[in-house]
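K.L.:
What follows is a predicted structure for the sequence shown.
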Amino acid sequence: MEKFLSKLLIFLVLYNTYTPSIAVYCDDDTCNLGKELTALVKREVEKGLARAKQEIRPAFTAHFKTGGMIPLAKGQILIFDKVQINVGGGYNPTTGYFIVPKAGLYLVSCTVRSNGGKHLHVWLKKNDNRVTLAYGENWNEGSFSIPVQAAEGDRLVIVHDTGSYVNNEYVQGGIISFFSAVFISD
């Protein structure tokens, strides 16, 4: 719908730009009526675009493309590079960041699976501030699912811990480990 309205707006602008040179045979009332109608349609299309943007309910889910155990460096961003859904386009599978496209309350979830005999510590960060920790040990999964209030442009990301207790940690790849967020309300 948003693409259609954008194309209609472009058409009207182009039509309004080039039509006056063609429509030299209209009387003043007809030409003014055409201009008023074009302006009215343009305003309504702009209102529709604004409403469509307001109605988008951003959501994403992503996991790792590759399976197996993935070694992690201290402070490394976990890049969940296989996107299953990305409504609103906020999640970037190249950087691992979810840039909040619409302010509001989000339900943010993450599950990570640890390696046998090992620990795994990862943080949800919002704008470089720690929000919550997921911890797994000896093939077990660490997870969280929490509401997060976010402003448009806030950055959410999953980051490997940097503590002195972090030593030689791995995360299970594939669909077992994932990062997800869904818009709940304004």
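P.N.:
On my side now, so go ahead.
K.L.:
any idea how this protein splits into domains?
P.N.:
Here the domain parsing of the chain from automatic domain parsing is 2-55, 59-185.
K.L.:
looking at the ones you listed, which is buried most?
P.N.:
Highest mean neighbour count among those (mean count of other CB atoms under 10 Å): domain 59-185, with a mean of 17. Bear in mind the C-beta positions are built from the backbone N, C-alpha and C, glycine included.
K.L.:
any idea how far that domain is from the chain center?
P.N.:
Mean-position distance between domain 59-185 and its chain equals 14 Å (CA atoms, centre = their mean, to the nearest Å).
K.L.:
Tell me which residue is most central in the chain.
P.N.:
Nearest to the geometric centre of the chain sits Gly90, at 1.5 Å (CA atoms, centre = their mean).
K.L.:
how close does the residue lying closest to that one once chain neighbours are set aside get to Ala59?
P.N.:
Computed as CB to CB, 6 or more residues apart in numbering, the closest residue to Gly90 that is not its neighbour in sequence is Pro101, at 4.4 Å. For Pro101, the distance to Ala59 equals 10 Å [CB to CB, to the nearest Å].
K.L.:
now do Ala150
P.N.:
Relative to Ala59, Ala150 is positioned 13 Å away (CB to CB).
K.L.:
before we move on, what about Lys125?
P.N.:
In terms of CB to CB, Lys125 sits 20 Å off from Ala59.
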